[in-house]
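Undergrad: Sequence first, then the predicted structure, then my questions.
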Amino acid sequence: MSSFVVDKDGNKRYAVTVNVNGSDYTKVVKANTLLVNFLREELDLIGTKRGCELGDCGCCTVMLDGKAVNACIVLALDCDGREVTTVEGIQDGEDLDIVQEKFIEHAAFQCGFCTPGMIVSSRALLNENTNPSEYEVREAIAGNLCRCTGYVNIVAAVLDAAENL
Amino acid sequence: MYLPDFEYYAPDSIAEACQLLSQLGEKAKVLAGGTDLMIKMKNEVLAPEVVVSVKNLDQLKKIEYVAGKGVSVGALCTHNDLVKCDVLKEKYSSVSNAARQMANNQVRNRGTIGGNISNAVPSADLPPIFIALNATVKLVGTKGERTVAMEDLFTGPGKTVLAQDELIAEVIIPDQKMTGSNYIKFGLRKSGALAVVGVAVAVQVENNVIKDARVALGAVAATPVRAKKAEDFLKGKTVSDEVLAEAGVIASGECKPISDIRASAEYRTDLVRIFTKRALRKAIDEGHV
Ligand SMILES: Cc1cc2nc3c(=O)[nH]c(=O)nc-3n(C[C@H](O)[C@H](O)[C@H](O)COP(=O)(O)OP(=O)(O)OC[C@H]3O[C@@H](n4cnc5c(N)ncnc54)[C@H](O)[C@@H]3O)c2cc1C
Ligand code: FES
Ligand code: FES
């Protein structure tokens, strides 16, 4: 993976190929490009939010090879050859995913800023564990801070989604 | 929040990684999960000119039991790898449980044990339980391999015996005479909080007599420390609530905590007293939990 070019400012730019939501994208980026900025600025996938940008809040959660990670502290170059799923990739074509439907049904968001990350974390949990306990749901979303809802409806939505997978 | 510029390498072998680190010297930093390094770079605490990503070193991602050696945990195993690993759950669920109490799910999916150890933060959650289990650390550099006891690895806050060209390759938990072990973390929240105090113990109990004990404390000194006076006191004693309580008192006298934003030194000292007693009781009654 060490193919790079030197741009007019003398910075090295590296070729990186990431499979995002099922399609391969090859871009030439600086080493300091974070996955969240790669998604938002190179691919226009702005569902993934930037909040604290320090790994605390979970707004930027995406799946990397199926596992929930904070895209604000992962280098795009570290994702070369790997699969990323963003909130945009969770729904199936025009149809919302069951987790998304249940978030609407349970009014599990207010301002909505934490919602993409919440949905990705919840989906990652349900992909591994189709019958989570309330504790396991809370553990899975503990790294996703919501300043509006108080979490009760979010937990109810995820448990309801699990029952209707 | 953007990162400063740097160059990036992702070597395909440990030898190549060590070679790079040796050539680049102080200019380079190893990148594993990035859950510490990326944050330090964003906060301008560190500004390496070169980042050496170890993502391709797949041989450091295994956890396996090797007869006669013990459980070998590759440095690039993530915290959630420890949480989910059947070998650990069966032999030392105390280690899986320590990992499960760390950070949050996203950070546990990225953060590695090598990063947690080489970071050498006094409050790091994994060193105490590894020290209690007498674990060793295999380091690999351009001049070859060496093995260091986990308790001898740390020399101060953020400081270890690692040379510039060395990588942590694996942690080895040797086969145990210890019959039980346990780690208690006290943080200010259940998730995403650093340890205010962490107490790890391992005990060998036969016919209700304590044959051997190790007590390792986190977040109460410049490095993780053993409470050796408490250990010596426990050896040969018959298990009783009074003995465990007295061990807690002795351990609390051995730590040198600081007061900071999360807790006062007095509070930390008292937490050591209580958690030493509780962790011993759990390890004695329930094994490696
Ligand atoms: C929100 C949040 C919560 C956290 N909570 C906790 C917590 O509860 N408990 C806790 O203990 N920690 C916690 N941390 C800290 C951190 O996640 C852990 O210390 C983690 O284990 C670091 O591993 P990493 O792979 O991400 O390290 P990196 O950031 O990749 O590296 C850290 C340092 O170690 C060096 N390094 C990494 N791997 C190696 C190696 N194999 N050989 C030599 N040097 C190496 C790097 O050069 C760097 O200096 C938290 C972090 C965040 C962001
Ligand atoms: S923006 Fe990534 S964790 Fe807050
Ligand atoms: S809905 Fe506003 S932060 Fe969660």
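TA: Okay, I see it. Ligands and ions are numbered 1, 2, ... in the order given.

Undergrad: CA atoms for contacts and neighbours, from now on please.
TA: OK.

Undergrad: Ligand 3 contacts on chain A?
TA: Contacts of chain A with ligand 3, taken as C-alpha under 6 Å from any ligand atom, map to A:Phe109, A:Gln110, A:Cys111, A:Gly112, A:Phe113, A:Cys114, A:Thr115, A:Cys146, A:Arg147, A:Cys148, A:Thr149.

Undergrad: Look at the first one and say how many residues are nearby.
TA: The burial count assigned to A:Phe109 is 20, neighbours taken as other C-alpha atoms under 10 Å in any protein chain shown.

Undergrad: Can you tell me what sits against the helix or strand where A:Glu139 lies?
TA: A:Glu139 belongs to helix A:134-140 when assigned by DSSP states H and E. Residues from elsewhere that reach helix A:134-140, judged by C-alpha atoms under 8 Å, 6 or more residues apart in numbering or on different chains: A:Ser121, A:Ser122, A:Leu125, A:Val155, A:Val158, A:Leu159, B:Asn104, B:Asn105, B:Ser191.

Undergrad: Give the other helices and strands that the next helix or strand after it contacts.
TA: Toward the C-terminus, helix A:134-140 is succeeded by helix A:152-163 as the next helix or strand (DSSP H and E). Contact analysis of helix A:152-163 by 3 or more C-alpha pairs under 8 Å, 6 or more residues apart in numbering or on different chains; DSSP states H and E lists helix A:98-105, helix A:134-140 as its packing neighbours.

Undergrad: Mind checking the pLDDT average for the last one?
TA: Read that as helix A:134-140. In this model, helix A:134-140 has an average pLDDT of 98.

Undergrad: check whether that helix contacts ligand 1.
TA: No - counting by C-alpha under 6 Å from any ligand atom, ligand 1 is not contacted by helix A:134-140; separation bottoms out at 13.4 Å.

Undergrad: all strands in chain B, in order from the N-terminus.
TA: B:7-9, B:28-31, B:50-53, B:63-66, B:70-74, B:136-141, B:144-149, B:154-156, B:159-160, B:167-173, B:180-186, B:197-206, B:209-218, B:225-226 (DSSP state E).

Undergrad: how many neighbours does residue 153 have?
TA: By default, I'm working from chain A. As a measure of burial, A:Asn153 has 17 neighbours, counting by other C-alpha under 10 Å.

Undergrad: that's the other chain; I wanted chain B
TA: Residues near B:Leu153, counting by other C-alpha under 10 Å: 21.

Undergrad: hang on, B:Tyr65 packs against B:Val71?
TA: Yes - if you go by C-alpha atoms under 8 Å, B:Tyr65 and B:Val71 touch, sitting 4.4 Å apart.

Undergrad: for chain B, what spans make up the helices?
TA: B:14-24, B:37-42, B:79-84, B:86-91, B:93-100, B:105-110, B:113-119, B:126-132, B:228-234, B:241-254, B:265-286 (DSSP state H).

Undergrad: Indicate which one of these is closest to ligand 2.
TA: helix B:105-110 (8.5 Å; C-alpha to the nearest ligand atom).

Undergrad: does any bit of that closest one sit next to ligand 2?
TA: No - Helix B:105-110 does not reach ligand 2 (C-alpha under 6 Å from any ligand atom); its nearest approach is 8.5 Å.

Undergrad: that older thread, so for B:Tyr65 and B:Val71, which sits in the more crowded spot?
TA: B:Val71 (22 against 17).

Undergrad: got a list of what that one touches?
TA: Here B:Val71 is in contact with B:Ile63, B:Glu64, B:Tyr65, B:Val87, B:Leu88, B:Ile172, B:Ile173, B:Pro174, B:Asp175 (C-alpha under 8 Å, 6+ apart).

Undergrad: distance of the fourth one from ligand 3?
TA: Using C-alpha to the nearest ligand atom, to the nearest Å, we find B:Val87 at a distance of 38 Å from ligand 3.

Undergrad: what distance separates the start and the end of stretch B:208-226?
TA: End-to-end span of stretch B:208-226 (C-alpha to C-alpha, to the nearest Å): 23 Å.
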